[in-house]
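[1] One predicted model, sequence on top.
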Amino acid sequence: MKAYTFENGKKVPMKMDTITRRPPPKQFEHLTKIRNKESGMKFLVDVDTTLRDFYYYYVPEKEITKEVKNRYDNFELMSDSAFSKVKDKFIYELRFSNKGGTVMPIIIQWNYADGSTEIDRIHAYVWRMNEKEVTKTFMKSKKVASILLDPYKETCDINEKNNTWNVNTEPSKFEVFKTKATVRGQSTGDNPMQKAKKK
């Protein structure tokens, strides 16, 4: 999960983009064109030279050129009125992975810092472009304290241990057993000498 907030008038330093322009692939003649030439067929652009356009004479450049581009060139600062609409908003970017192979709706319970909760239900159609992984961005007006997926166990999820963020999960049965188990020889209460001292 990634969390963001909005800031106006501040540019985040980032690496400049380098655009590399490579030459087009080697030109070739289609087999149909070669056979037409062999048969003596005359093309209209050869019969009537007025039909020749720009691309008839165009020869693409073969050099590799590199150009450093500034990402901020096409960006504009938000106006104060536009920024006021998103000033106190929080942006959360969540990445989900489909480990079982079955696409299902994504049900998210947002637990906010003020104690309130909210549930978002995302249709299974969200997996249409990539059934293995999907990233979704949410804008919230409150700060999120924790996130729980599928809170009411409505989907066929066999591993619920990876459904939380910043949530204390319930201990396993083995961990509960370890906390209850006593070490051999360990006293479970005061011995007679300790009881005598307390009197």
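    Perfect, I can see it now.

[2] where does the spatially most central residue of the chain fall, phi/psi-wise?
    What sits nearest the mean C-alpha location of the chain, by C-alpha atoms, centre = their mean, is Thr135, with 3.2 Å. When read as degrees, to the nearest 10, the backbone of Thr135 gives phi -120, psi 130.

[3] Can you name the residues bridging to it?
    Beta-bridge pairing of Thr135 under DSSP bridges involves Arg95.

[4] doesn't Glu93 make contact with it?
    Yes. Between Thr135 and Glu93 there is a contact under C-beta atoms under 8 Å: 6.4 Å. In short, each C-beta sits where N, CA and C put it, glycine included.

[5] picking up where we left off before, could I get the contacting residues of the residue nearest to the centre of the chain?
    If you count contacts by C-beta atoms under 8 Å, 6 or more residues apart in numbering, Thr135 has them with 93-96.

[6] Output the host helix or strand of Arg35 as CSV, nothing but the C-alphas.
    In the assignment (DSSP states H and E), Arg35 maps to helix 31-38. C-alpha atoms of helix 31-38 as CSV (Å, rounded to 0.1, in the frame of the first residue of the first chain):
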residue,chain,number,x,y,z
LEU,A,31,6.0,-10.4,-52.4
THR,A,32,2.9,-9.1,-54.3
LYS,A,33,4.8,-6.0,-55.4
ILE,A,34,7.8,-8.0,-56.6
ARG,A,35,5.5,-10.3,-58.6
ASN,A,36,3.6,-7.4,-60.1
LYS,A,37,6.9,-5.9,-61.3
GLU,A,38,8.0,-9.2,-62.8
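
[7] Give me the mean pLDDT for the next helix or strand after that helix.
    Elements were assigned by DSSP H and E; along the chain past helix 31-38, the next helix or strand is helix 44-47. Average pLDDT, helix 44-47: 85.

[8] Many thanks, we can stop here.
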